[in-house]
Structure formats: structure tokens, C-alpha cells
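>>> Next comes the sequence, and after it the predicted model I'd like to discuss.
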Amino acid sequence: MIRSFLTRWARRHAEDLHEPLNVPDWPETDEPATPYIAEADPRDAELKEARRQLAEAQTRAADLEDALNRCKQERGHLAEELEKTRARLAAAHLAQRADADSGRQYVERSVEAPPPPTSDRAEALRERARADALAARLAAVEAELHAIRYPRVRPAKATATQAAS
């Protein structure tokens, strides 16, 4: 409405000014009119290119920020795993040292302490059994040695007369 008023006013007064009227014919409706398109400014292309580069840079910055956040998150998880691993290793090391210390203490105590008391009879029986086992092994080794030294000499089979006597 205002546009149509201004257009009519400019046409009426253009004759008074004796100048040609350069006012576009605006539609008589309140709908927005198409804007006047000026000549292309050479700086518009530069501005458009700069805006495109800015959009690319913003996209790249957003991608890099996302990658940085993922790396920070992964680093946090890895730090947690590292702490857990360190705790497990420390516990295993302490347990190993405790085992070694207890073994050392056991050996030290066994060296310091006298053997438990045993009865003389039980010890004598054990020694007798050990001596018998050693004698049996010695006899077996001597028999093998004799067989190696004298391979052709074989004990004669007992005859019926020798077996009867």
C-alpha cells in the first residue's frame, strides 16, 4: 500500500520537476515485489568464495573437534585400563614377593629348627630297608656287569641229577 502511494505521488510530481520518472511500477497488492537486481559487483564473487571457504573451514573444524573428542575419550579409556593393569601387576608383584618371603622363612625355619624326634627303632628299620634296597640294586648291576664282561659264559642248566641232590 505504501509503495503504491509513493508511486502515484512520484508520478504526479514528476511533471512538476520536468524529469523523467525512473520509478518501477509496483504491483497494487501487498505481496512482496521482486527486488531490483543491480549489476554484478566483482567483489561478490570474492565474497562468495570467502563464504564457501569459511563453510569448508567450519566443517573441517567441526570434524577435527569430533576427532579430538573421540581421541580424548579413547585416551581416557586407555588410561583407565592402564591403571587397572598397573594395579593388577602391583598386586601380582606383592603376592610373588610374599610367596618368596614365606618360602625363605620356611627354609630359614627348617634350617634353624632341629628335625622332629623319631624313635630309634623306626629309624633303624628304615635304614635296614634302605640298605636292603641298595644291596638288591648292587647285585643287579654286578650281574649286568658280569654279563657284559663275560658274554659267552652262561650258567649251565641244572640236570636232573643235580636237581635231585
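Yes, it's here.

>>> Going toward the C-terminus from the longest helix along the chain, what's the next helix or strand?
Assignment by DSSP state H gives helix 42-112 as the longest helix of the chain. Using DSSP states H and E, the helix or strand that follows helix 42-112 in sequence is helix 120-149.

>>> Give the other helices and strands that that next one contacts.
Using 3 or more C-beta pairs under 8 Å, 6 or more residues apart in numbering; DSSP states H and E as the contact test, no helix or strand touches helix 120-149. For every residue, glycine as well, the C-beta is placed using N, CA and C.

>>> Can you list the buried residues in it?
Within helix 120-149, no residue counts as buried by 16 or more other C-beta atoms under 10 Å.

>>> how about low-confidence regions in the protein?
1-6, 9, 11-40, 111, 113-117, 152-165 (pLDDT under 70).

>>> could you redo the last one with a cut-off of 80?
1-42, 104-118, 150-165 (pLDDT under 80).

>>> domain parsing for the chain?
43-111, 122-151 (automatic domain parsing).

>>> Residue 10: how many residues sit nearby?
13 (other C-beta atoms under 10 Å).

>>> same question but for residue 7, I mixed them up
Quick note: residue 7 (other C-beta under 10 Å) scores 17 neighbours.

>>> likewise residue 52?
Residue 52 has 10 nearby residues by other C-beta under 10 Å.

>>> Same check on the one 3 residues further on?
The number of residues packed around residue 55, counting by other C-beta under 10 Å, is 10.

>>> any idea how far it is from residue 46?
15 Å (C-beta to C-beta, to the nearest Å).

>>> same thing with residue 85?
Taken as C-beta to C-beta, the span from residue 85 to residue 46 is 56 Å.

>>> Just list the residues touching residue 134, thanks.
For residue 134, the contact set (C-beta atoms under 8 Å, 6 or more residues apart in numbering) is empty.

>>> And it, how far from residue 91?
49 Å.

>>> Same check on residue 53?
With C-beta to C-beta as the criterion, residue 53 and residue 91 are 56 Å apart.

>>> same check, this time on residue 69
From residue 69 over to residue 91 (counting by C-beta to C-beta), the distance is 33 Å.

>>> ditto for residue 149
Taking C-beta to C-beta, one finds residue 149 at 64 Å from residue 91.

>>> Nothing else from me, thank you.
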